[in-house]
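Enquirer: Below are the sequence and a predicted model; questions follow.
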Amino acid sequence: MLTGQQPFQETIIDDLRCQHFEAAIPKLMNEQLPSEELHVLLTCCLAKQRKERFDNLGDLLIHLTCLYQEQFAEPPKANPISSEFTVLDYSNRGATYRNLQRYEEALVDFGQAIELDPTWAPIYLNRGLTYRDLQRYEEALVDFDHTIQLDPTFPQTYSNRGSTYRDLQRYDDALADFHRAIQIDPNYATAYNNRGLTYAKLQQYSKALTDYSQAIQLDPTLAPAYYNRGLIYGALQQDNDALADFHRAIQLDPKLTKAYVNIGAIFGNRGELGEALLYFEKAAQLGEPLGVQYVVQVKQMLNN
């Protein structure tokens, strides 16, 4: 409403979250509005760092009310609040439940949303993602298929269905879906990353490297692409390249625990046990079971 468009052009919660963390804050498009004041407010609402945002909704409401009164010389009119949930209410609450890993509650809400509007494609997509979280792959495929029937232009649907096919080891089907996602949106970095994962499963490492590199070129902040490319470099015994990618992945996502494990493994293979231990301990601190296992093993080796 304030920008004259949706702030970020995505349809599913994972991509919206990525845009919120990484994309530039949009500018106001309606020049008749008090754009400077509203842009400051919008910047606070969409700021990347918590300390730059409003402390709470009450503060935001106060700022909005003041701006409204300055513009229209009267307080904002109160609208009656409906007690009935809308399609969007169920969809948003379902997405929130999914983020909290309360998957069964998410499924209930997505189901309620579908009952209210069985023609809205993004609901099926988000329910399919929830089924995939639960490893209920066949149900996920049904929802992804239905999403495509309703709107065959979502590249995210093909990419997520492709990932589900990969989980089921249906690699040809997976590749076909990733090809289609990229055909619809040649700049869709996640689809290249996902196709690279499939090529890696097929041990087609050259194609995997090409796709990971393309994903990184399109989105230099995509931590999984660096991590996945690092794995391929490691498999090809190009350790220095692997280390560079694992370190970059950690810079972008400090909670990417397996990157620490893989760095530690490279140092361990080189006989640099002290350096390896540092990375295994970091992985262990972040809750990575392999980190805990390797910390014990390295300490035993150091004590012998």
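Expert: Yep, that arrived.
Enquirer: Tell me how many other residues surround residue 72.
Expert: Using other C-beta atoms under 10 Å, residue 72 has 10 other residues around it. In short, each C-beta sits where N, CA and C put it, glycine included.
Enquirer: now do residue 241
Expert: 16.
Enquirer: export the helix or strand where it lies as CSV, just CAs?
Expert: Element membership of residue 241 [criterion: DSSP states H and E] is helix 239-252. Taking Å, rounded to 0.1, in the frame of the first residue of the first chain, the C-alpha atoms of helix 239-252 are listed here in CSV:
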residue,chain,number,x,y,z
ASP,A,239,40.8,-28.6,-1.0
ASN,A,240,41.7,-24.9,-1.2
ASP,A,241,38.7,-24.1,-3.4
ALA,A,242,36.5,-26.1,-1.0
LEU,A,243,37.9,-24.2,2.0
ALA,A,244,37.2,-20.9,0.3
ASP,A,245,33.6,-21.8,-0.4
PHE,A,246,32.9,-23.2,3.1
HIS,A,247,34.3,-20.1,4.7
ARG,A,248,32.2,-17.9,2.4
ALA,A,249,29.1,-20.0,3.3
ILE,A,250,29.8,-19.5,7.0
GLN,A,251,30.2,-15.7,6.5
LEU,A,252,26.7,-15.6,4.9
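Enquirer: Could you tell me how far that helix lies from the centre of the chain?
Expert: Centroid displacement of helix 239-252 relative to its chain, using C-alpha atoms, centre = their mean, to the nearest Å, is 20 Å.
Enquirer: Quick check: what element follows the host helix or strand of residue 261 along the chain?
Expert: Here residue 261, judged by DSSP H and E, is contained in helix 257-269. Later in the chain than helix 257-269, the nearest helix or strand by DSSP H and E is helix 273-285.
Enquirer: now that next one and helix 257-269, what's the angle there?
Expert: Calculated by axes from the mean of the first three to the mean of the last three C-alpha atoms, to 10 degrees, helix 273-285 forms an angle of 160 degrees with helix 257-269.
Enquirer: which of the residues in the helix or strand that helix 273-285 is followed by are buried?
Expert: Counting by DSSP H and E, the next helix or strand C-terminal to helix 273-285 is helix 289-303. By neighbour count with 16 or more other C-beta atoms under 10 Å, helix 289-303 contains the buried residues 290-291, 294-295, 298.
Enquirer: ok, now stretch 277-291?
Expert: 277, 279-284, 288, 290-291.
Enquirer: which one of those residues sits closest to residue 175?
Expert: residue 290 (29.4 Å; C-beta to C-beta).
Enquirer: Distance check, the nearest residue to that closest one once chain neighbours are set aside against residue 268.
Expert: Among residues not flanking residue 290 along the chain, residue 261 sits closest, at 5.0 Å (C-beta to C-beta, 6 or more residues apart in numbering). Here residue 261 is placed at a distance of 10 Å from residue 268 (C-beta to C-beta, to the nearest Å).
Enquirer: Now the common contact residues for those two.
Expert: Counting by C-beta atoms under 8 Å, 6 or more residues apart in numbering, the contacts common to residue 261 and residue 268 are residue 294.
Enquirer: Neighbour count: these two, which is higher?
Expert: Per other C-beta under 10 Å, whichever of residue 261 and residue 268 has more neighbours is residue 261, with 22 against 19.
Enquirer: contacting residues for the more buried one?
Expert: Applying C-beta under 8 Å, 6+ apart, the residues near residue 261 are 279-280, 283, 288, 290-291, 294.
Enquirer: let's see it at 7 Å
Expert: Counting by C-beta atoms under 7 Å, 6 or more residues apart in numbering, residue 261 touches 280, 283, 288, 290-291, 294.
Enquirer: Please apply the same query to residue 211.
Expert: If a contact means C-beta under 7 Å, 6+ apart, then residue 211 has 192-193, 195-196, 199 as its contacts.
Enquirer: Equivalent analysis for residue 97, please.
Expert: Per C-beta under 7 Å, 6+ apart, neighbours of residue 97: 105-106, 109.
Enquirer: Tell me the one of those residues nearest residue 126?
Expert: residue 106 (8.1 Å).
Enquirer: nearest spatial neighbour of that closest one, skipping sequence neighbours?
Expert: Using C-beta to C-beta, 6+ apart, the closest residue to residue 106 is residue 97 (3.7 Å).
Enquirer: By neighbour count, which bits of the helix or strand harbouring that neighbour are buried? Give me those.
Expert: Using DSSP H and E, the element containing residue 97 is helix 87-99. Buried positions in helix 87-99, judged by neighbour count with 16+ other C-beta under 10 Å: 87, 90-95, 97-98.
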